[in-house]
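Student: model this:
(2 chains)
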There are 2 protein chains.
Amino acid sequence: MSGKLYAIGTGPGAPDLITVRGARILGQLDVLYAPAGRKGGDSLSLSIVREYLGAATRVKSRHFPMSQDADEKGVVWDAVAQEMAADVEQGLQVGFITLGDAMLYSTWVFLLARLRGRIPIDIIPGVTSFAGIAARAQLPLAMESQSLAVMACTDDDRALETALLSHDCIVLMKVYGRFARIQQLLRRLGLIEHALLMANASLPDEACFYRLDDLAPDRALPYFSTVVVNKRWRAAGDEDRCLTSNQGIDQ
Amino acid sequence: MSGKLYAIGTGPGAPDLITVRGARILGQLDVLYAPAGRKGGDSLSLSIVREYLGAATRVKSRHFPMSQDADEKGVVWDAVAQEMAADVEQGLQVGFITLGDAMLYSTWVFLLARLRGRIPIDIIPGVTSFAGIAARAQLPLAMESQSLAVMACTDDDRALETALLSHDCIVLMKVYGRFARIQQLLRRLGLIEHALLMANASLPDEACFYRLDDLAPDRALPYFSTVVVNKRWRAAGDEDRCLTSNQGIDQ
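Tutor: Take a look at the predicted model:
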């Protein structure tokens, strides 16, 4: 059997939100590469998929630095890509897991750029974090002729403002450490009543906040925090924080 | 056991790209509502999930008109929502399936607007069509501070142009019957070399087209055709049409 590299999106967090194909492939791997947040630290994506791993699967946790230094990151990507290629060339079934979907804000893309055309690669898509949030909050993303923008809060204010003004629904990823700025921007544009913030959607410690106007700007938020703005819906702030009102729905 | 309504995203088309949770719930349903394209017509979403259905599950195919007449559609949504609510109130486990993800361009949202707060509802997210396309074409959606816009081609040219100019990656849904206009727009904006068109991603009749400049504007395309534009990558048009070059990747 010839070797192959599988990049598998784990979905938003709950283990059973991975695809059936992803779960099956995980059970057949010889080696699984799992990204670790810190050197020696736990991997959230590994904890998500652990129940699907075959008994013989060898796990290789690899640390990808969050550094702003492109060279430092490039050295790590080169080394891990090289290691993966060597495993595949030995005929092994090799996996790499990534939270959400593999092609959206994932380290996987940097590995793909190094491995494409060198070894056989299969990418298994995953449920994105924002689809997980929309499902849990019962907040639609877009319908009919509406549009959706997915932005990283590391982008500049002008780009975020343009997206917030141009689209019906806007997903703001990478909010961690940037909430005060986002809160201010949403207030200024009169959109804060249409926004919600969800952290760790579908995980046991999921938290959902409406009334973002009332949230302390310096409030400590979990690392996986995302803001979703839908101009057609108004966040309600019910007793049950994961329900919005359906008033204001544009049919 | 009390009744519940489950809205289940089937993913892009291959049966094993549904979530593990979606597959499990399908096996436990008393009733499954499946959208049918035409009266009495086949349901693609039903064919995707058939293998997961329990032996006792009763399938109710329901036709949702594509009409421009909002009243006509509203009458159907009201009737189906009413029928679902009655089933749930009888204590049944009731499902509704929708291609891709349930909260993005899905009839489900119109049913949700009618049923929210009336009966218990659980939404199971799915892999979006564009995540399926990105995986198959090995074309990244967005990374780092890049942004992604998801647009419906039923939107006006000005909105499409703004999105094409503002974002790094743009997904154009609902291309069917509108390709000539999209081709012209991509040419005018100098983006046609960064675009690909994929139809029926992950299904046996999947087709992927690069070199959209060469495609006849009146070419008959499958109904589920989507254009993805990524300014940081250039579609290659390899022998293998589902591979793009990794030249031009922005690291």
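Student: low pLDDT regions in the stretch 1-150 of chain A?
Tutor: The model of the stretch 1-150 of chain A has pLDDT under 70 over residues A:37-42.
Student: all strands of it, in order?
Tutor: A:4-9, A:31-36, A:58-63, A:93-98, A:121-124, A:148-152 (DSSP state E, counting those that start in this stretch).
Student: tabulate those strands (JSON lines), appending mean neighbour count and distance to chain B.
Tutor: For glycine as for every other residue, the C-beta is placed from the backbone atoms N, C-alpha and C. Formatted as JSON lines, the strands of the stretch 1-150 of chain A follow (neighbours: other CB atoms under 10 Å in any protein chain shown; distance: least, CB to the nearest CB, whole Å):
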{"stretch": "strand A:4-9", "mean neighbour count": "25", "distance to chain B": "7"}
{"stretch": "strand A:31-36", "mean neighbour count": "22", "distance to chain B": "14"}
{"stretch": "strand A:58-63", "mean neighbour count": "16", "distance to chain B": "18"}
{"stretch": "strand A:93-98", "mean neighbour count": "26", "distance to chain B": "11"}
{"stretch": "strand A:121-124", "mean neighbour count": "22", "distance to chain B": "4"}
{"stretch": "strand A:148-152", "mean neighbour count": "26", "distance to chain B": "4"}
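Student: thought A:Ser67 was touching A:Val75?
Tutor: No - between A:Ser67 and A:Val75 there is no contact, the gap being 10.3 Å when judged by CB atoms under 8 Å.
Student: CSV for the strands of the stretch 1-150 of chain A, including distance to A:Leu215?
Tutor: What follows is the strands of the stretch 1-150 of chain A, written out as CSV (distance: least, CB to CB, whole Å):
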stretch, distance to A:Leu215
strand A:4-9, 30
strand A:31-36, 30
strand A:58-63, 32
strand A:93-98, 29
strand A:121-124, 36
strand A:148-152, 19
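Student: and those strands: which comes nearest B:Ser47?
Tutor: For the strands of the stretch 1-150 of chain A, proximity to B:Ser47 was assessed by CB to CB; strand A:121-124 is nearest, at 20.9 Å.
Student: okay, now the sheet partners of the closest one, with direction.
Tutor: Here strand A:121-124 has these sheet partners by DSSP bridges: strand A:4-9 (parallel).
Student: so how far is the partner strand off the chain centroid?
Tutor: Offset of strand A:4-9 from its chain centre (CA atoms, centre = their mean, to the nearest Å): 16 Å.
Student: likewise stretch A:107-114?
Tutor: That offset, for stretch A:107-114, works out to 16 Å (CA atoms, centre = their mean).
Student: may I have it as PDB, with CA atoms only?
Tutor: Taking Å, rounded to 0.1, in the frame of the first residue of the first chain, the C-alpha atoms of stretch A:107-114 are listed here in PDB:
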ATOM      1  CA  THR A 107      -1.400  26.000   9.500                       C
ATOM      2  CA  TRP A 108      -2.200  23.200   7.100                       C
ATOM      3  CA  VAL A 109      -2.000  25.600   4.200                       C
ATOM      4  CA  PHE A 110       1.700  26.400   4.900                       C
ATOM      5  CA  LEU A 111       2.400  22.600   4.900                       C
ATOM      6  CA  LEU A 112       0.400  22.100   1.800                       C
ATOM      7  CA  ALA A 113       2.400  24.800   0.000                       C
ATOM      8  CA  ARG A 114       5.600  22.800   0.800                       C
END
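Student: what's it in contact with?
Tutor: Contacts with stretch A:107-114, where a contact means CB atoms under 8 Å, 6 or more residues apart in numbering or on different chains, come from A:7, A:35, A:64, A:73, A:77-78, A:80-81, A:84, A:96, A:98, A:102-103, A:121, A:123, B:138, B:140, B:143, B:246, B:249, B:251.
Student: show me which of the residues you listed are buried.
Tutor: A:7, A:35, A:73, A:77, A:80-81, A:84, A:96, A:98, A:102-103, A:121, A:123, B:138, B:140, B:143, B:246, B:249 (16 or more other CB atoms under 10 Å in any protein chain shown).
Student: buried sites along the longest helix belonging to chain A?
Tutor: Assignment by DSSP state H gives helix A:70-89 as the longest helix of chain A. For helix A:70-89, the neighbour count (16+ other CB under 10 Å) marks A:73, A:76-77, A:80-81, A:84-85, A:87-88 as buried.
Student: now, which of those residues lie close to chain B?
Tutor: Here nothing survives when the buried residues of helix A:70-89 are matched to chain B using CB under 8 Å from any CB of the partner chain.
Student: now those residues as a markdown table including distance to A:Gly11?
Tutor: Shown next, in a markdown table, are the buried residues of helix A:70-89 (distance: CB to CB, whole Å):
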| residue | distance to A:Gly11 |
| --- | --- |
| A:Lys73 | 25 |
| A:Val76 | 25 |
| A:Trp77 | 24 |
| A:Val80 | 22 |
| A:Ala81 | 24 |
| A:Met84 | 22 |
| A:Ala85 | 27 |
| A:Asp87 | 25 |
| A:Val88 | 24 |
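Student: which one of these is nearest A:Leu196?
Tutor: A:Lys73 (32.2 Å).
Student: next up, the contacts around the closest one.
Tutor: Contacts of A:Lys73 by CB under 8 Å, 6+ apart are A:64-65, A:67, A:110.
Student: contact partners of stretch A:14-22?
Tutor: Residues contacting stretch A:14-22 (CB under 8 Å, 6+ apart): A:8-11, A:26, A:48-49, A:51-52, A:124-127, A:132, A:202-203, B:11, B:14-21, B:23-24, B:124-125, B:127.
Student: now with 7 Å, please.
Tutor: Stretch A:14-22 has contacts (CB atoms under 7 Å, 6 or more residues apart in numbering or on different chains) with A:8-11, A:48-49, A:51, A:124, A:126-127, A:132, A:202-203, B:11, B:16-21, B:23-24, B:125, B:127.
Student: buried members of the residues you listed into PyMOL, please.
Tutor: In PyMOL, this line selects whichever of the contacts of stretch A:14-22 come out buried by 16+ other CB under 10 Å:
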select buried, (chain A and resi 8+9+10+11+48+49+124+126+127+132+202+203) or (chain B and resi 11+16+17+18+19+20+21+23+125+127)
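Student: among the contacts of stretch A:14-22, name the ones in helices.
Tutor: Within the contacts of stretch A:14-22, residues falling in helices by DSSP H are A:48-49, A:132, B:20-21, B:23-24.
Student: let me know the closest of those to A:Arg211.
Tutor: A:Gly132 (21.6 Å).
Student: wait, that closest one touches A:Ser202, no?
Tutor: Yes - with contact defined as CB atoms under 7 Å, A:Gly132 counts as touching A:Ser202 (4.9 Å).
Student: between the two, what contacts are shared?
Tutor: When CB under 7 Å, 6+ apart defines a contact, the residues bordering A:Gly132 and A:Ser202 alike are A:12-13, A:17.
Student: redo those residues as TSV? Include distance to B:Thr226.
Tutor: Putting the shared contacts of A:Gly132 and A:Ser202 into TSV (distance: CB to CB, whole Å) gives the following:
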residue	distance to B:Thr226
A:Pro12	22
A:Gly13	27
A:Leu17	23
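Student: would you map the helices across the stretch 101-250 of chain A?
Tutor: Secondary structure of the stretch 101-250 of chain A (DSSP state H, counting those that start in this stretch): helices located at A:108-115, A:129-137, A:157-166, A:179-188.
Student: looking at those helices, which one is packed in the most?
Tutor: Highest mean neighbour count among those (mean count of other CB atoms under 10 Å in any protein chain shown): helix A:129-137, with a mean of 27.
Student: for the closest residue in space to A:Ala195 that isn't next to it in sequence, give the beta-bridge partners.
Tutor: Take A:Ala195 and drop its neighbours on the chain: the residue closest to it by CB to CB, 6 or more residues apart in numbering or on different chains is A:Val229, 4.5 Å away. Assessed by DSSP bridges, A:Val229 has beta-bridge partners A:Ile170, A:Ala195.
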